[in-house]
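Trainee: Output the structure for:
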Amino acid sequence: MPVVKVRPKYQVTIPNAVREKVPLEVGDLLEANVEANRIILVPKAVIDKGLKASLAEARQGKLIGPFRTAKAVIRALRKPIA
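Mentor: Numbers count the residues shown, from 1 in each chain. From the prediction side, this is the model:
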C-alpha cells in the first residue's frame with residue numbers, strides 16, 4: 001500500500017498506483033469524509049443548476065424531439081407552447 005506525506009498546507013499527492021484504479025483527472029473534485037478515524041476521498045461530479053433543472057424536466061417527459069433535420073428543430077421552436 002503506497003504511503004503519502006502530508007505537505008505544509010495539508011496537501012497530499014495521490015500515488016499513480018491509486019490514481020490508475022479511479023478515473024481522476026486534474027481539476028476533478030473529491031468529497032472528503034471521515035469514517036472510523038480514516039479519511040475517505042470520493043470523486044464527485046458537479047452539475048450546473050440550470051442543467052439539473054433541465055435533467056429533471058427530461059425525466060418528467062417534457063422534451064421535444066429527436067429531430068431528423070435542422071428545419072424540423074426550427075419548426076418545433078416556432079410552435080406556440082400548449
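
Trainee: Quote the end-to-end distance of stretch 34-51.
Mentor: One end of stretch 34-51 to the other measures 30 Å (C-alpha to C-alpha, to the nearest Å).

Trainee: now do stretch 34-47
Mentor: Where stretch 34-47 begins and where it ends lie 24 Å apart, using C-alpha to C-alpha.

Trainee: Now it: buried residues?
Mentor: For stretch 34-47, the neighbour count (16 or more other C-beta atoms under 10 Å) marks no residue as buried. (Each C-beta comes from the backbone N, C-alpha and C, glycine too.)

Trainee: which residues are contacting it?
Mentor: 14, 22-24, 28-33, 55 (C-beta atoms under 8 Å, 6 or more residues apart in numbering).

Trainee: Highest neighbour count among those?
Mentor: Using other C-beta atoms under 10 Å as the neighbour criterion, L24 leads the contacts of stretch 34-47 with 15 neighbours.

Trainee: circling back: which one of the contacts of stretch 34-47 sits closest to A76?
Mentor: L55 (19.9 Å; C-beta to C-beta).
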